[in-house]
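Undergrad: Sequence first, then the predicted structure:
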Amino acid sequence: MANVLNFFKDSYVEITEKVTWPTWSQLQNSAIVVLVASIIIALVIFVMDKASSNLLELLYGITS
């Protein structure tokens, strides 16, 4: 049981004294980067999906 308590005490000390937390502006900048990257990836996947869908419709139209 003492090992578990020591673990929690050490974890608390590490979180409060040893971790350097980002500033609010750094968090905002990171969030914007993630948002823009997510939108770009979603658009690329959308274009690839539409292109493959159109290609398959064309192929199915030719074979039927």
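TA: Received the coordinates, thanks.
Undergrad: make it CA atoms for all contacts and neighbour counts henceforth
TA: OK.
Undergrad: low-scoring pLDDT stretches of this structure, where are they?
TA: 64 (pLDDT under 70).
Undergrad: Nearest the geometric middle of it, what residue?
TA: residue 34 (6.7 Å; CA atoms, centre = their mean).
Undergrad: Now do stretch 43-56: everything it contacts.
TA: Where contact means CA atoms under 8 Å, 6 or more residues apart in numbering, no residue beyond stretch 43-56 reaches it.
Undergrad: Extract the CA atoms of it and return them as PDB.
TA: Provided in PDB are the C-alpha atoms of stretch 43-56 (Å, rounded to 0.1, in the frame of the first residue of the first chain):
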ATOM      1  CA  LEU A  43     -10.900  17.600 -48.000                       C
ATOM      2  CA  VAL A  44      -8.300  15.300 -49.500                       C
ATOM      3  CA  ILE A  45     -10.200  12.300 -48.400                       C
ATOM      4  CA  PHE A  46     -13.500  13.800 -49.800                       C
ATOM      5  CA  VAL A  47     -11.800  14.500 -53.200                       C
ATOM      6  CA  MET A  48     -10.400  10.900 -53.300                       C
ATOM      7  CA  ASP A  49     -13.800   9.500 -52.400                       C
ATOM      8  CA  LYS A  50     -15.600  11.500 -55.000                       C
ATOM      9  CA  ALA A  51     -13.000  10.600 -57.700                       C
ATOM     10  CA  SER A  52     -13.100   6.900 -56.900                       C
ATOM     11  CA  SER A  53     -16.900   7.000 -56.800                       C
ATOM     12  CA  ASN A  54     -17.100   8.700 -60.200                       C
ATOM     13  CA  LEU A  55     -14.500   6.300 -61.700                       C
ATOM     14  CA  LEU A  56     -16.500   3.300 -60.400                       C
END
